[in-house]
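[1] Sharing a model that was predicted from the sequence below.
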Amino acid sequence: MVGLLYAGRYRQELIQNEFGALTIQAEMIAASLGEAAVGVEGEADAELIPDMAGQIVRRLAVTTRTQAQLVTADGTLLVDSRRFTGPGGTVEIEDLPPPAAQRTFAQNLLEAYDEMMDELPMAGEHDENAMPVPERRETMRALAGETERALRRSLGRRASLSVAVPVQRYKQVLGAIVLTRNSRAIDSAVLQIRLDILKVFGIALLVTVLLSVYLAGTIARPLRRLALAADRVRRGLSRQYAIPMVGGRHDEIRELSEALREMTEALWKRMDAIEAFAADVAHEIKNPLTSLRSAIETAARISDPTQQQRLMAIVIDDIQRLDRLISDISKASRLDAELSRAQLVPVDLTGLLDAIAALHEAAEGSHGVHLRREKISNQLLRILGDEDRIVQVFRNLIDNAVSFSPSGSTIILRAMREARSVTISVEDEGPGIPEGLEEAIFERFYRERPAGEKFGTHSGLGLSISRQIVEAHGGTIRAENRLDANGTVLGARFIVRLLAAQ
């Protein structure tokens, strides 16, 4: 469409340039006639000399390669450069087109297009060829002393350009010179432009097709494969379906393939975790329910009030154990959803840890275990996170340290800045972590408790929840034993590393 618009504008510019050239040529011929072909009897009776005017018009018409026609002031066609009148009659001259070369398919296509458009008038055209030259509009305007142009259709789509200029002697209009030239040169130039446009269009079409085939093979088809594989994974009930690897390329498609594979593996791991969690929950709930059932059945068969009171005490303990267990399970199951919706805000760890230490010292029931807050430096310790969940992490770690620490011991809470992270450690003076269980203690329902602690007091979810929260914040948590120079265990140390806020 842009090419067609350009061709039309290009044709209009050629027509305007042709009109300009014809106007200059007509004015030169009119000036020559006004000076050399006028017989002067009196200023008001000046007339054109037919023989002299005819010679000038025919001679200059050959030079300008136009058809020149001279019309007198009374509307008589005096001279026509294409017609010669002699004793044998009138001879008419017609310019023949150049010998036709072998036409190409594009030229035939354009010719067919021109034939279809033949019925539509061209801009500025006047189909007045049947009218005699003296009666045409431009001739009448020239005899009135004005220069006029006209664009006409002559044969088929061939157009002709006419310019009429008055022939004057001083202010007296003696006639009008009309120069006419066909549009063969213009049509040839426009045809060449249109052929070039068709060539560009063909090349662009070929490039588009090749590019489409290339994009279909390198982008669309791999994306389709990934989409179908993802649909099979969604509909499948087993792990036999997997996202295919797009090998041999290092672009966004490969990154998408790897991301989909990792996402699928993460979903399977999450499903495995859910299944394992459900199995663990069922197992943990089954134990107190079994104890409850046994106690209730036994109480129904005995009549001793003392034994019944003991059994009822067991029932109450099991109910409280179930209540704690269900509460912790509910919190753990909601944790993922709450963390995904949480808005991360800057959290000042310095003030937060100071507040936790102050609350611990002020709270009752700390079993005589003191908490000492140590500051390594006065650096600003700030992270992006959910403040309530960060507090939950350190409360769980401190509660765990208190439960394993002997009375009168001290828990050390230390924080420092390391490059782009903040490291917080919680150290106790308890028995330490059994060798090889540094990772196992973070599993759900871990039951390694200090000697003498009442069974069922803890659900075994605290450290698991702490790791889940820390990893959701992009950090890490690990446990190790504190050792002296001789390798003796001095206690346990939990180290939390979180990304610092920039």
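    Cool, got the structure.
[2] Break down the stretch 351-500 of the chain into its strands, ranges please.
    370-375, 382-385, 410-418, 421-427, 476-483, 489-499 (DSSP state E, counting those that start in this stretch).
[3] what does the stretch 151-300 of the chain give?
    Under the criterion DSSP E, counting those that start in this stretch, strands of the stretch 151-300 of the chain are mapped to 159-169, 172-182.
[4] Just put the ones you listed in JSON lines and tack on distance to L22.
    Heads up, the C-betas are built off the backbone N, CA and C, glycines and all. Rendered in JSON lines, the data for the strands of the stretch 151-300 of the chain read as follows (distance: least, Cβ to Cβ, whole Å):
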{"stretch": "strand 159-169", "distance to L22": "4"}
{"stretch": "strand 172-182", "distance to L22": "5"}
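[5] A7 - how many residues pack around it?
    When neighbours are defined as other Cβ atoms under 10 Å, A7 has 16 of them.
[6] now the one 4 residues further on
    The number of residues packed around R11, counting by other Cβ under 10 Å, is 20.
[7] what's the answer for A176, then?
    Residue neighbour count, defined by other Cβ under 10 Å, stands at 32 for A176.
[8] same check, this time on the one 3 residues further on
    The number of residues packed near L179 is 26, by other Cβ under 10 Å.
[9] T63 is in contact with that one, correct?
    No: the criterion here is Cβ atoms under 8 Å, and L179 misses it with T63 at 11.6 Å.
[10] Which residue comes closest to P288 once chain neighbours are left out?
    Of all residues beyond its chain neighbours, the one nearest P288 is D318 (4.3 Å), with distances taken as Cβ to Cβ, 6 or more residues apart in numbering.
[11] What helix or strand is that neighbour located in?
    With secondary structure defined by DSSP states H and E, D318 is part of helix 305-341.
[12] what about that helix, distance to the chain center?
    52 Å (Cα atoms, centre = their mean, to the nearest Å).
[13] in it, what counts as buried?
    For helix 305-341, burial by neighbour count (16 or more other Cβ atoms under 10 Å) applies to 311, 314-315, 317-318, 321-322, 324-325, 328-329, 332, 335, 339.
[14] Sheet-wise, list the partners of the helix or strand just after it with their directions.
    Along the chain past helix 305-341, the next helix or strand (assigned with DSSP H and E) turns out to be strand 345-348. Using DSSP bridges, strand 345-348 pairs in its sheet with strand 382-385 (antiparallel).
[15] least trustworthy helix or strand in this structure by mean pLDDT?
    The helix or strand of the chain with the lowest confidence, counting by mean pLDDT, DSSP states H and E, is helix 105-116 at a mean of 61.
[16] where's R482 relative to R497, distance?
    For R482, the distance to R497 under the criterion Cβ to Cβ, to the nearest Å works out to 18 Å.
[17] now do M245
    The value you get for M245 to R497, if Cβ to Cβ is used, is 33 Å.
[18] The two: who's more crowded?
    With neighbours defined as other Cβ under 10 Å, M245 and R497 compare such that R497 has more, 17 against 10.
[19] Surely the more buried one is in contact with G475?
    Yes: here R497 reaches G475: they are 5.4 Å apart, a contact under Cβ under 8 Å.
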